[in-house]
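K.L.:
No sequence on hand, only this structure:
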């Protein structure tokens with residue numbers, strides 16, 4: 001169950017990319033990571049490193065994607 005929880009944003013990214021474009025998929029992955037960090041904080045009582053690193057990477061690289069493609 002923990003493994004599925006860790007891959008939740010990546011799984012939603014690929015599902016959103018299949019039905020939409022890269023912008024929708026990136027936005028979906030960022031939203032899923034925010035939810036994942038919130039659930040992790042609520043269940044454990046502290047922030048875990050992996051979801052925070054995933055969220056930070058998605059926000060930085062996903063936010064810079066439109067800048068580099070112009």
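P.N.:
Everything's here; your move. Bear in mind that the values here come from a model prediction, so they are computed numbers and not experimental data. Residues are numbered from 1 along each chain as shown.
K.L.:
Help me confirm that residue 30 comes into contact with residue 56.
P.N.:
No - Residue 30 is beyond contact range of residue 56, at 10.5 Å (criterion: C-beta atoms under 8 Å). Yep, even glycine has a C-beta here, placed from its N, CA and C like the rest.
K.L.:
neighbour-wise, which of the two wins?
P.N.:
Counted by other C-beta atoms under 10 Å, residue 30 and residue 56 do not tie: residue 30 has more neighbours, with 18 against 12.
K.L.:
any idea which element that one lies in?
P.N.:
helix 22-44 (DSSP states H and E).
K.L.:
Check which helices and strands that helix sits against.
P.N.:
helix 8-19, helix 49-68 (3 or more C-beta pairs under 8 Å, 6 or more residues apart in numbering; DSSP states H and E).
K.L.:
what residues does it touch?
P.N.:
5, 8-10, 12-17, 47-48, 51-52, 54-55, 58-59, 62, 65-66 (C-beta atoms under 8 Å, 6 or more residues apart in numbering).
K.L.:
What subset of those is buried?
P.N.:
Among the contacts of helix 22-44, those classed as buried by 16 or more other C-beta atoms under 10 Å are 8-9, 12-13, 16-17, 48, 51, 54-55, 58, 62.
K.L.:
Where does pLDDT dip in this structure?
P.N.:
Regions of the chain meeting the criterion pLDDT under 70 cover residues 65-70.
K.L.:
what do you get if the cut-off is 90, keeping everything else the same?
P.N.:
The chain contains residues with pLDDT under 90 at 1-9, 21-23, 40, 43-51, 54, 58, 61-70.
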